[in-house]
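Undergrad: Provide a 3D model corresponding to the input given below.
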Amino acid sequence: MSSPPHPVVDAPPRQGEDWFHSLAASTAGVVLVTDGTRVVFANPAAERLTGLALDRLLGTAPLDVVHPDDRRAARRRLAARLEGEAVEPAVTLRVQRPDGEVRWADLSACVIALEDGRPGVLYSGHDVTAHRRAVDELTATRARFERAQEAARTVTWEWELAGDRLTVDGPTELVFGAPAGAVEGTGRQLLGRIHPEDREGFLRAVERARDEGGPLVAEIRVILADGHIRWVSERARAIAGPDGATERFAGVATDVTERKRAELALEKERDRAQV
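TA: Numbers count the residues shown, from 1 in each chain. As a prediction, this is how the structure comes out:
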């Protein structure tokens with residue numbers, strides 16, 4: 001769906017210029033006006049965003065401060081606005097400062113009538129660099145965590161006891177042999193995947209950790225869809241609610257099949273040697 005054409009907003013009357021300048025100077029947000037070829041007004045926040053002092057920023061081509069990778073799209077939007085075409089008013093773009101630092105800005109734009117009657121574009125918005133960097137860091141941290149989970153063949157999980165709600169995060173196919181949607185849901189569903197010979201022992205470990213508020217430690221066999229067996233190490237801690245009673249468990253499940261097979265093979269060799 002296309003946006004409606006931008007209405008043209010008259011520039012403040014000359015007697016109101018001081019009021020407009022004072023307002024723009026006092027706001028924490030970016031305010032910048034261009035006639036399409038040069039910057040004709042900028043407030044202190046725009047100076048901080050672009051890294052250019054006012055005497056350098058005024059008269060600068062507005063696209064010169066835009067990051068090269070964003071410049072083509074910015075040029076297209078600016079030209080369309082000045083021609084009266086419908087353009088989304090909000091945009092996020094990168095600004096490249098003279099020292100090479102890249103800043104992110106969320107801006108809104110509207111067409112205004114300049115003093116000489118020509119159309120101009122008023123940009124207002126905020127420097128969102130800190131937010132973007134935080135998001136990028138969280139994304140990178142999440143990616144590192146996921147790679148570590150895959151390398152360790154480990155998933156994290158949380159089990160809310162009152163509603164029997166189980167959430168699982170990580171490479172569930174490497175641990176339980178099934179996608180996350182088939183594993184998470186309820187603790188009862190998870191119990192159904194545990195080998196019958198290990199189920200009762202696991203439930204006793206859960207009850208003991210729940211009642212004592214201590215750690216949950218268990219090694220269980222999980223039955224895969226194809227009938228194969230996978231050994232899984234479960235480690236969790238009990239988390240108490242306001243009344244002091246355990247309300248949920250938070251833990252990790254790790255595929256230890258190879259280690260367990262090696263241990264069992266060693267036990268068999270020892271038993272054979274004792275015969």
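Undergrad: residues touching residue 71, list them.
TA: residue 63 (Cβ atoms under 8 Å, 6 or more residues apart in numbering). From N, CA and C alone the C-beta is placed, and that goes for glycine too.
Undergrad: tell me the secondary structure at residue 166.
TA: Secondary structure, DSSP: H, G, I helix; E, B strand; the rest coil: residue 166 is strand.
Undergrad: test my guess that it contacts residue 185.
TA: Yes: between residue 166 and residue 185 there is a contact under Cβ atoms under 8 Å: 6.0 Å.
Undergrad: between the two, who's got more neighbours?
TA: residue 166 (19 against 15; other Cβ atoms under 10 Å).
Undergrad: for the more buried one, list each beta-bridge partner.
TA: residue 159, residue 185 (DSSP bridges).
Undergrad: contacts only, for it.
TA: 157-160, 183-187, 189-190.
Undergrad: so what's residue 95 bridging to?
TA: Going by DSSP bridges, residue 95 forms beta bridges with residue 66, residue 103.
Undergrad: one more: residue 124?
TA: If you apply DSSP bridges, the partners that residue 124 bridges to are residue 31, residue 108.
Undergrad: quick one: the helices in the stretch 51-200 of the chain?
TA: 54-57, 68-82, 129-152, 172-175, 180-183, 187-193, 196-212 (DSSP state H, counting those that start in this stretch).
Undergrad: format these as CSV; extra columns: distance to residue 117 and mean pLDDT.
TA: CSV is the format used below for these (distance: least, Cβ to Cβ, whole Å; pLDDT from 0 to 100):
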stretch, distance to residue 117, mean pLDDT
helix 54-57, 24, 95
helix 68-82, 13, 94
helix 129-152, 36, 94
helix 172-175, 65, 92
helix 180-183, 61, 84
helix 187-193, 70, 88
helix 196-212, 77, 95
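Undergrad: for the stretch 151-275 of the chain, which residues score under the pLDDT cut-off?
TA: 275 (pLDDT under 70).
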